[in-house]
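Participant: After the sequence you'll find the predicted model.
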Amino acid sequence: MTLSKRTISLLSDAYIIFVLVFSTGAFFTVFVDTDDLAVSSKGSPIFTITWGLIYAISLLRILARRHEMTKLLQTNKALLLLAGLAVVSTYWSLDRSATLHAVGGLILTAVIALDLSIHYSIRQLLRFICIAFVIVAVLSVVVEVVLPGIVPGQEMEGAAWHGVFGYKNVFGKVICFGTLACVAMIDRSRLLRGLVVVCGLALTVLSRSVSAVGFLAFMLLIFALWPIFKWRSTPRRFAITALTLIALTLTYVVAQNFARVTALLDKDPHLTGRVDLWQLALGDIEAQPVLGYGYQAFWSYNSVPARRIREAVNWDKAPHSHNGYIEMALSLGLTGFVAYGVLCWTFARRAYLFFMHGPENYRRWPLTFLVFTLAYQCTEGTAVGGGIFWIVFCSLLFSLTAVKHEATIPQLSRSPLLVHRRDLSTNAINV
């Protein structure tokens, strides 16, 4: 039987949407008992087999377009440096098997991202993300309303919604991410965009994740403020200066009244044990500041330093330090921290140029996603690893790869509303 091109295209699109939904970790707790650290660290055979098939398909797809793959890799040395450092860290890792497993996920999910960036534009991939998010959101509502208890959660989280995930904070983070993606995708309909925002805020509120509600409100504000960078020079500088002063003032006020602020949010000043984890983890970073303890090895089941911290804070199930920057330093030391900083700077520079080259709403997406990633890592685990956030990060990095963009910088500084709206095909690969 011969399939038509349209059928093949639809099957390919359905496959990508499945990969994105699967990479969120939806329904993971149905197959794995996350209450048992020893069991959860081994993962699920079903998930392992599924990931293996996805990796194999992605490798076959990119090998068919080897020339583009080589070019993208050659122009993303910062990513190769970080991945290479993670591989080498196996030699000094506390738990080599844990590091090898994590490195495999890091590299192979980057392969998936490479596949996506080769075959789809940023706009197309954003559309897939939105569809995947709607599927996850609808399934989460069905699970909570119609089939409560079918997806195991945490008893201590009470009536908080966790959807198709095991934790309310994971559910809130995915809702925040998906809401931003949909807002970026909707170009003209303010009504539809408003509806998405209302639904996103409602679901984060139902999750009872204060961080999710706060980050979503913050990110929506950031999304609305991006056009300031396209204003004329004088008003742009004035607006940026004013916003910076406001942000610094708010930060100072919150820092000086941290206990009161957390009390208003019905949180303790220790942020449910996070502050204690941070303080103790920083002490371990000081012990091995340069290279760390091996990529994602510090919190492994057999880690003695991690066990000591868990016992000190009376948190036996603490999976990580709940801070992406501390996690990076624990994994790869200050060397890895600097490498990640270079990677994010490369991403930011390309995303800014992409945003400045046109008026379309979706051009705000890469910058918005980067800020979302950097902000969320302040209270959650690192984004460097397997999963949807790393896949999206790498796919955007590859898609934003610029060939010749230095010459555009002087024009951007003089062009407030971007008279130059030419296609980026001459300046970037597969945008």
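Facilitator: That came through fine.
Participant: in the stretch 301-431 of the chain, what spans have low per-residue confidence?
Facilitator: Applying pLDDT under 70 to the stretch 301-431 of the chain picks out residues 402-431.
Participant: what about stretch 269-276, how long is it end to end?
Facilitator: By Cα to Cα, to the nearest Å, the extent of stretch 269-276 from end to end equals 10 Å.
Participant: Give the buried residues for that stretch.
Facilitator: Leu271, Arg274, Val275, Asp276 (16 or more other Cβ atoms under 10 Å). Just so you know, the C-beta spots here come from the backbone N, C-alpha and C atoms, and that holds for glycine as well.
Participant: Turn those into CSV, including secondary structure, distance to Ile175 and pLDDT.
Facilitator: Conversion of the buried residues of stretch 269-276 to CSV gives the following (DSSP: H, G, I helix; E, B strand; the rest coil; distance: Cβ to Cβ, whole Å; pLDDT from 0 to 100):
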residue, secondary structure, distance to Ile175, pLDDT
Leu271, coil, 20, 72
Arg274, helix, 21, 83
Val275, helix, 25, 86
Asp276, helix, 28, 87
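Participant: and which of those residues is nearest to Phe27?
Facilitator: Arg274 (26.6 Å; Cβ to Cβ).
Participant: residue contacts, the closest one?
Facilitator: Ser321, His322, Asn323, Thr379 (Cβ atoms under 8 Å, 6 or more residues apart in numbering).
Participant: Which secondary structure state is assigned to the first one?
Facilitator: When the structure is split into helix, strand and coil by DSSP: H, G, I helix; E, B strand; the rest coil, Ser321 lands in coil.
Participant: Run through who's touching stretch 326-343.
Facilitator: For stretch 326-343, contacts defined as Cβ under 8 Å, 6+ apart pick out 78-79, 81-82, 85-86, 89, 278, 281-282, 284-285, 288-299, 320-321, 325, 381-382, 384, 397.
Participant: at 7 Å instead, please
Facilitator: 78-79, 81-82, 85-86, 89, 278, 281-282, 284-285, 288-296, 298, 320-321, 381-382, 384 (Cβ atoms under 7 Å, 6 or more residues apart in numbering).
Participant: residues of it that come out buried?
Facilitator: Neighbour counts using 16+ other Cβ under 10 Å place 326-333, 335-337, 339-340, 343 of stretch 326-343 among the buried residues.
Participant: Dump those to a markdown table, plus secondary structure.
Facilitator: Output for the buried residues of stretch 326-343, formatted as a markdown table (three-state DSSP):
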| residue | secondary structure |
| --- | --- |
| Ile326 | helix |
| Glu327 | helix |
| Met328 | helix |
| Ala329 | helix |
| Leu330 | helix |
| Ser331 | helix |
| Leu332 | helix |
| Gly333 | helix |
| Thr335 | helix |
| Gly336 | helix |
| Phe337 | helix |
| Ala339 | helix |
| Tyr340 | helix |
| Leu343 | helix |
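Participant: Is it possible to get the residues you listed out as JSON lines so that each row also shows distance to Gly25?
Facilitator: Shown next, in JSON lines, are those (distance: Cβ to Cβ, whole Å):
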{"residue": "Ile326", "distance to Gly25": "22"}
{"residue": "Glu327", "distance to Gly25": "17"}
{"residue": "Met328", "distance to Gly25": "21"}
{"residue": "Ala329", "distance to Gly25": "24"}
{"residue": "Leu330", "distance to Gly25": "22"}
{"residue": "Ser331", "distance to Gly25": "20"}
{"residue": "Leu332", "distance to Gly25": "23"}
{"residue": "Gly333", "distance to Gly25": "28"}
{"residue": "Thr335", "distance to Gly25": "29"}
{"residue": "Gly336", "distance to Gly25": "24"}
{"residue": "Phe337", "distance to Gly25": "26"}
{"residue": "Ala339", "distance to Gly25": "26"}
{"residue": "Tyr340", "distance to Gly25": "22"}
{"residue": "Leu343", "distance to Gly25": "23"}
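Participant: Let me know the closest of the residues you listed to Leu225.
Facilitator: For those, the minimum distance to Leu225 (Cβ to Cβ) is 24.3 Å, reached by Leu343.
Participant: And the helices in the stretch 251-400 of the chain, which stretches?
Facilitator: Secondary structure of the stretch 251-400 of the chain (DSSP state H, counting those that start in this stretch): helices at 258-264, 274-287, 304-313, 324-356, 365-376, 388-399.
Participant: May I have the last one exported as PDB, CA atoms only?
Facilitator: This points to helix 388-399. Taking C-alpha atoms only, helix 388-399 is exported to PDB below (Å, rounded to 0.1, in the frame of the first residue of the first chain):
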ATOM      1  CA  ILE A 388      10.800  18.900  26.800                       C
ATOM      2  CA  PHE A 389      12.500  22.000  28.100                       C
ATOM      3  CA  TRP A 390      16.000  20.800  27.000                       C
ATOM      4  CA  ILE A 391      14.600  19.700  23.700                       C
ATOM      5  CA  VAL A 392      12.900  23.100  23.000                       C
ATOM      6  CA  PHE A 393      16.000  24.900  24.200                       C
ATOM      7  CA  CYS A 394      18.300  23.000  21.800                       C
ATOM      8  CA  SER A 395      15.900  23.100  18.900                       C
ATOM      9  CA  LEU A 396      15.600  26.900  19.200                       C
ATOM     10  CA  LEU A 397      19.400  27.300  19.500                       C
ATOM     11  CA  PHE A 398      19.900  25.200  16.400                       C
ATOM     12  CA  SER A 399      17.200  27.100  14.500                       C
END
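Participant: residues in contact with it?
Facilitator: Residues contacting helix 388-399 (Cβ under 7 Å, 6+ apart): 20, 23-24, 72, 76, 79, 109-110, 112-114, 116-117, 122, 125, 129, 347, 366, 369, 373, 383-384, 430-431.
Participant: Where do the helices of the stretch 101-250 of the chain begin and end?
Facilitator: Using DSSP H, counting those that start in this stretch, helices in the stretch 101-250 of the chain cover 122-145, 168-185, 190-207, 210-225, 233-256.
Participant: and the third one, which residues are buried?
Facilitator: By 16+ other Cβ under 10 Å, the buried positions in helix 190-207 come out as Arg193, Val196, Val197, Cys199, Gly200, Leu201, Leu203, Thr204, Val205, Leu206, Ser207.
Participant: Direction-wise, compare it with helix 168-185 and give the angle.
Facilitator: Here helix 190-207 points in a direction 170 degrees away from that of helix 168-185 (axes from the mean of the first three to the mean of the last three Cα atoms, to 10 degrees).
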